[in-house]
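Chemist: Fold the following for me, if possible:
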Amino acid sequence: MNILLGYIAESGQFIRPWISDIATAMMACLLVVFGSDINMILRRYLSGTNFILRTCAFIFVNAFGFGFLIVAIAPWLAKQLSGMSNVWLFTVVLGTFIFLGSWAQRNNQV
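Modeler: Numbers count the residues shown, from 1 in each chain. Prediction:
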């Protein structure tokens, strides 16, 4: 068991310099996986409105909203990840990407 924990800790130390990039990738993956659901809800609410209003709402939500989420939440997420030990860092990063990949596969997005 100690050998396995040693490998996990070493892997966590290996990915630590890229925490900021990993946090940005996590946010981008979340938005890719759940973006279609968000757009479907937006489309449902704006179905009877003017084309120009729907287009502006789509641009606002996708360009500015998703962009803001990536720019605002990724640094916070990177800070949270950097506070973890190497073992937890690697485990959380691996688990998050496995979860997102499974979710995308289950919802036919892969």
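Chemist: any idea how far residue 53 is from residue 106?
Modeler: As judged by CB to CB, to the nearest Å, residue 106 and residue 53 stand 33 Å apart. C-beta: built from backbone N, CA, C; applies to glycine.
Chemist: correction: residue 65
Modeler: Residue 65 is 16 Å from residue 53, where distance means CB to CB.
Chemist: Have a look at the two and say which one is more surrounded.
Modeler: Neighbour comparison, residue 65 and residue 53: the larger count goes to residue 65, with 16 against 10 (by other CB atoms under 10 Å).
Chemist: Okay, now the unreliable bits of this protein?
Modeler: Within the chain, the segments meeting pLDDT under 70 span 110.
Chemist: quick one, which residue of it lies the farthest from its center?
Modeler: Using CA atoms, centre = their mean, the residue of the chain lying farthest from its centre is residue 50. It sits 31.8 Å away.
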